[in-house]
Every structure is written in structure tokens, then in C-alpha cells.
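Engineer: Pasted the sequence and its predicted model underneath.
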Number of protein chains: 2
Amino acid sequence: MKKKPLILVTNDDGINAPGLRILIKLMHKIGDVFVVAPNKPRSGCSQSITINSIINCRQIKSKILNIKEYECSGTPADCVKIAVNELMTRKPDLCVSGINHGSNSSINVLYSGTMSAAIESGVQGIPSIGFSLLNHSWSADFNPIIPFVEKIVKKSILNKISPQTILNVNFPSSEKINGIKICKQAKTHWNEKFIKRKSPMGERYYWLSGDFIIEDNSEDSDEWALANGYVSIVPTHFDYTNYALINELKRWDL
Amino acid sequence: MKKKPLILVTNDDGINAPGLRILIKLMHKIGDVFVVAPNKPRSGCSQSITINSIINCRQIKSKILNIKEYECSGTPADCVKIAVNELMTRKPDLCVSGINHGSNSSINVLYSGTMSAAIESGVQGIPSIGFSLLNHSWSADFNPIIPFVEKIVKKSILNKISPQTILNVNFPSSEKINGIKICKQAKTHWNEKFIKRKSPMGERYYWLSGDFIIEDNSEDSDEWALANGYVSIVPTHFDYTNYALINELKRWDL
């Protein structure tokens, strides 16, 4: 790419999230930036799309010259769809999503709005990278990871990242980072616990809570990398076919 | 299984959807049935979970003796989580989701609430089957597919369906069905078109719309099966790792 790449920036924590603001600044150093992000936090919304309701989309003033920013009432997947098919005048060269406040490693990718935006970009034929920091705090320190975000985006462009490439990048929440590992999604699950409470009207309600269980400590997994101070990168796809089961099912004589 | 299997039934069209009602009746002939379904339609909600809000769950009277039914304010994934970890006294032997009013074949699986419930069951270690009919109408005729739903569930139990098995079953909307095909997820996409309108207050809003494009007509794909009058079954998994890209990324020297 001789001219500056056009980079679509989005997230799931919403247009005002500090992680998004940092990502916009970093991408501004690398390419032309176009922002479409949810107008409110959308954590845990997965690949939701808005089909039974309307979508609002409003341009807001960017603090950085020459950046177009839109806040959207839809989900992260909606943001990508409307950016690419309605708001942008040409297809972006890359989409980056995040930097998420909280982990999207291993099983968390299933529920992640951040990664759903990256996956939706892949569906639209646009290479994409989702970035997440293992720290939920709104005041998390993003400084230690900034050089890594820049490096990953620059190397992606240098290596002519293909439209089939969707990267799930997670950063450990530590001052010292040992490097970058290319990983597979670790086998993990949540031991769910529903916290029961009663409303002032006496009606029972629940909060979803739980403990995160790592079943797989193999050194090529994202959880191993993160636990050992490395940035994890999992190449991600959206063919959900479990090919290994096809022959078994054929033997069921259906 | 000598004793009757315990079957969790859920969906994304909501507790009153005709497709759910039919599935409950059919499962009642095969096993002990426990129902937890959303209290409103949740189409397109993907694997969303409710983490920033409370979840309500209320037992309702079932029209069938010995069936426990709950309506839940959460998403299909929430319904499975709360059913398995809070409401049910033992782990179900099988989860069935649907019968969805509308397709969840090929790329639609990414956005599907019906399939997210099936996938969530897989995450919880419970084999599962998502059923969808290629007809959005609330008054769709489910009669032609009833023998197939029964056959697929019975054969799944007979063949000792494993906790790793998640089936995405789609039915053509035709009176005559030619049989069942085990398939892969076809390569397809939506050509999105955003319909622009103005509110009475003069504010622009959008409806997500589009045309469905099949890129892949291979005879082992679900879209081929459906277009040719067959039931499609795609075994589905939740390891999103794109293993084919790992070695390429390692060469990027990150």
C-alpha cells in the first residue's frame, strides 16, 4: 500500500471508552481513520444484529482533524455493516476493534462484541484485528501495550494481511510484556453462579456471575501466553462446521 | 439410556412461538421436558449474554402435565446457562432449540439466537440440536418436518450423541422433503442495504436489509441441500481458531 490505508475503528464499550480513544489516536499515526462505534456500552452482545428495530447513526465532532466519527444505536456488528455499506465512500483496508476493557481470550470470544465487530469485518471481506486488555477498569493503564498495538497493525499492513485474516489479540495486564505468541483458543469454561436477589417489590432476580476455569494449559494456547506475560494472537474464522464429526454423523443413517 | 432422557427445550422466538410449542409436544413423546425460553422474541441476538443488567425468570403453567416451563428476560444463551446452573436439578441429557421461524443455515448461524442456545449447551457439556424452518411466518406449516425432527432426535439418542455434538438442522419450506444430508456451512454473505427513513421529528434512521448471496454451490454444503429439498445438518463447534493461518502468522516475525 503506497497511499495511507483506510482504517475503520470500532469497539463494544461505546464511543466514549478510553480504549477506543487510544486506538483512534494510534491508528491516526498509521492511516486515514473512520470511526463508527456504539452510542452505549455493548459488552457481551456477541454477533447481535438489529433486525426488529431501527438503527440511528449520528456524526459527532472528532477532536482530531480529518477523522469522521459516528455514534450508532446498533451493536458492533451493526456498526461495521453500516460503516462499510452506507457511511464510507470506499471499502476500508483494515478494521480494528477495541481496545476492549477486559479479556476476549479463549471461550470469551463467543460472547465478545469487540471480536464480533472484527468477525463481521471478515464476513464483509475486510481484514481485521480485535484488541483487548485483561483489565476491566475504565482507568486501566494502556501505556505498556501501545508499542505492541502499533507493531501488530504495522506488521499486518507490511505483510499484506488478507481479507481472510481476523486476529484476536489479548494483552496481559502487566507493566512488563515478554513478547507476542501466535496461539490457538484455549479450552476453558465459566463455572456459572447465579446470584439471587429480591427487588423492593419482592420479585426474585438474578445476576450472572461465575469463575473462569482453564482446562487446557498447553503452551500453544492463548491462556498460557497471557498467564506467562505474553500478548496472545489467535487467528479467528467464522466457519462453524465441525468437519471432524461429518463422517460420524453419516454413519447415523439419518 | 434406559430411563427417559431429560431434554431442555429453548428457542429465540420466545416462549409463545408456535415453533417452540410444537417442539415441546414432540419432545414430550421422547423424554422428560424442561423449558426455559425468552419472554420475548430475540432473533438475531447471537451468543449475547446479560452481564450489565439483571435477569428475571418466572415459572409459568404448562399446558402439558409434568412439564416445567420458565420464561426468562435473558437471551437464549442466558436461558441455557440459568437452566443448567440454577433451575434444573440435574444436567439435561440433550438440549433442543427452536423450531426457529426462519433460516439459520450458512452465514446466518453467526447471528442466530436459536443456534447460540445450542452452542451454549455445547459449552456446558450438553449435546444439542438447533432446528430451523426456512419460513419466517408465525403461521408456517410445521407438519411436513415433524417426522424429521422426531427421527433426528431419536437417532441422536440411539447413537449416544456426545457432549461435543452440536447440530445445526435446517428444513426447506416445502411439502415434500427428499431426505437428510450431512453438510458443511456454505460460503455465503448478505449484500446489505440500509433503508433510510425520517422520523416524524425529522431524524434519519435506518433499517438493516439486504440480499442473500450464495457463493458456494458445492453439493456438500447446507445451501445446496436446502435448495434441493433436503434437510441440512451441519455439525457445529465453538473453536474459532483458524489453524490454517497459524504458520503464516508465525512468519510475520511479530
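Structural biologist: Now that the structure is in, tell me what you want to look at.

Engineer: So, low pLDDT: which residues of the stretch 1-150 of chain A?
Structural biologist: Scanning the stretch 1-150 of chain A for pLDDT under 70 picks out the ranges A:1-2.

Engineer: Flag every residue of it that's near chain B.
Structural biologist: Counting by Cβ under 8 Å from any Cβ of the partner chain, the residues of the stretch 1-150 of chain A lying close to chain B are A:41, A:43-52, A:54-57, A:74, A:77-78, A:81-82, A:84-86, A:107, A:109-111, A:116, A:119, A:123-124. No exception for glycine: its C-beta is placed from N, CA and C like everyone else's.

Engineer: Write a PyMOL command that selects only the buried members of the residues you listed.
Structural biologist: Per 16 or more other Cβ atoms under 10 Å in any protein chain shown, the buried members of the residues of the stretch 1-150 of chain A next to chain B correspond to this PyMOL selection:
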select buried, chain A and resi 41+43+44+45+46+47+48+49+50+51+55+57+74+77+78+81+82+84+85+86+107+109+110+111+116+119+123+124
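
Engineer: Can you pick out the ones from the residues of the stretch 1-150 of chain A next to chain B that are in helices?
Structural biologist: Of these, the ones assigned to helices by DSSP state H are A:77, A:78, A:81, A:82, A:116, A:119, A:123.

Engineer: What residues are bridge-paired with residue A:10?
Structural biologist: Counting by DSSP bridges, residue A:10 forms beta bridges with residue A:97.

Engineer: and it, how far is that from residue B:50?
Structural biologist: Note on residue A:10: its distance to residue B:50, by Cβ to Cβ, to the nearest Å, is 22 Å.

Engineer: Please work out how many residues are found near residue A:186.
Structural biologist: A count of nearby residues for residue A:186, using other Cβ atoms under 10 Å in any protein chain shown, gives 25.

Engineer: On the three-state scheme, it is what?
Structural biologist: Under DSSP: H, G, I helix; E, B strand; the rest coil, the three-state class of residue A:186 is coil.

Engineer: Next up, the contacts around it.
Structural biologist: A:105, A:106, A:214, A:215, A:216, A:218, A:221, A:222, A:223, A:224 (Cβ atoms under 8 Å, 6 or more residues apart in numbering or on different chains).

Engineer: Out of those, list just those in helices.
Structural biologist: The members of these that map onto helices under DSSP H are A:222, A:223, A:224.

Engineer: out of those residues, who has the most neighbours?
Structural biologist: Most neighbours among the ones in helices among the contacts of residue A:186, by other Cβ under 10 Å: residue A:222, with 30 neighbours.

Engineer: these two touch, right, that residue and residue A:232?
Structural biologist: Yes: taking Cβ atoms under 8 Å as the definition, residue A:222 is a contact partner of residue A:232 at 3.7 Å.

Engineer: how about the strands in the stretch 1-150 of chain A?
Structural biologist: Under the criterion DSSP state E, counting those that start in this stretch, the stretch 1-150 of chain A contains strands at A:6-10, A:32-38, A:57-60, A:68-72, A:94-101, A:128-133.

Engineer: Can you give the strand pairings for the helix or strand containing residue A:169, parallel or anti for each?
Structural biologist: Assessed by DSSP states H and E, residue A:169 sits inside strand A:166-171. Under the criterion DSSP bridges, strand A:166-171 sits next to strand A:128-133 (parallel), strand A:230-236 (antiparallel) in its sheet.

Engineer: next SSE after it?
Structural biologist: Counting by DSSP H and E, the next helix or strand C-terminal to strand A:166-171 is strand A:179-182.

Engineer: Going by neighbour count, which residues of that next one are buried?
Structural biologist: Buried, per 16+ other Cβ under 10 Å, within strand A:179-182: A:180, A:181, A:182.

Engineer: go on, stretch A:247-254?
Structural biologist: The neighbour-count check on stretch A:247-254 (16+ other Cβ under 10 Å) flags A:248, A:249, A:254 as buried.

Engineer: Lowest pLDDT pick from the residues you listed?
Structural biologist: When those are compared on pLDDT, residue A:254 comes out lowest, with 92.

Engineer: Can you give me every residue that contacts the closest residue to that one other than its chain neighbours?
Structural biologist: What sits nearest to residue A:254 in space, not counting adjacent residues and going by Cβ to Cβ, 6 or more residues apart in numbering or on different chains, is residue B:180, at 4.4 Å. Going by Cβ under 8 Å, 6+ apart, residue B:180 touches A:254, B:148, B:151, B:152, B:230, B:231, B:233.

Engineer: is it true that the first one touches residue B:150?
Structural biologist: No: under the criterion of Cβ under 8 Å, residue A:254 lies out of contact with residue B:150, with a separation of 11.8 Å.

Engineer: So in terms of bridging, what pairs with the closest residue to residue A:230 other than its chain neighbours?
Structural biologist: Closest residue to residue A:230 apart from its sequence neighbours, by Cβ to Cβ, 6+ apart: residue A:181 at 4.5 Å. In this entry, residue A:181 is beta-bridged to residue A:232, by DSSP bridges.

Engineer: distance between the strand holding residue A:169 and the chain's centre?
Structural biologist: Computed by Cα atoms, centre = their mean, to the nearest Å, the chain-centroid distance of strand A:166-171 equals 7 Å.

Engineer: between that strand and strand A:94-101, how many degrees?
Structural biologist: Angle, strand A:166-171 to strand A:94-101, by axes from the mean of the first three to the mean of the last three Cα atoms, to 10 degrees: 30 degrees.

Engineer: picking up where we left off before, name only those of the contacts of residue A:186 that count as buried.
Structural biologist: Neighbour-count burial (16+ other Cβ under 10 Å) applied to these gives A:105, A:106, A:214, A:221, A:222, A:223, A:224.

Engineer: these two touch, right, the last one and residue A:188?
Structural biologist: What that stands for is residue A:224. No: with contact defined as Cβ under 8 Å, residue A:224 does not count as touching residue A:188 (11.2 Å).

Engineer: Surely the residue nearest to residue A:230 touches residue A:229?
Structural biologist: No: at 10.1 Å, residue A:181 does not count as touching residue A:229 under the criterion of Cβ under 8 Å.
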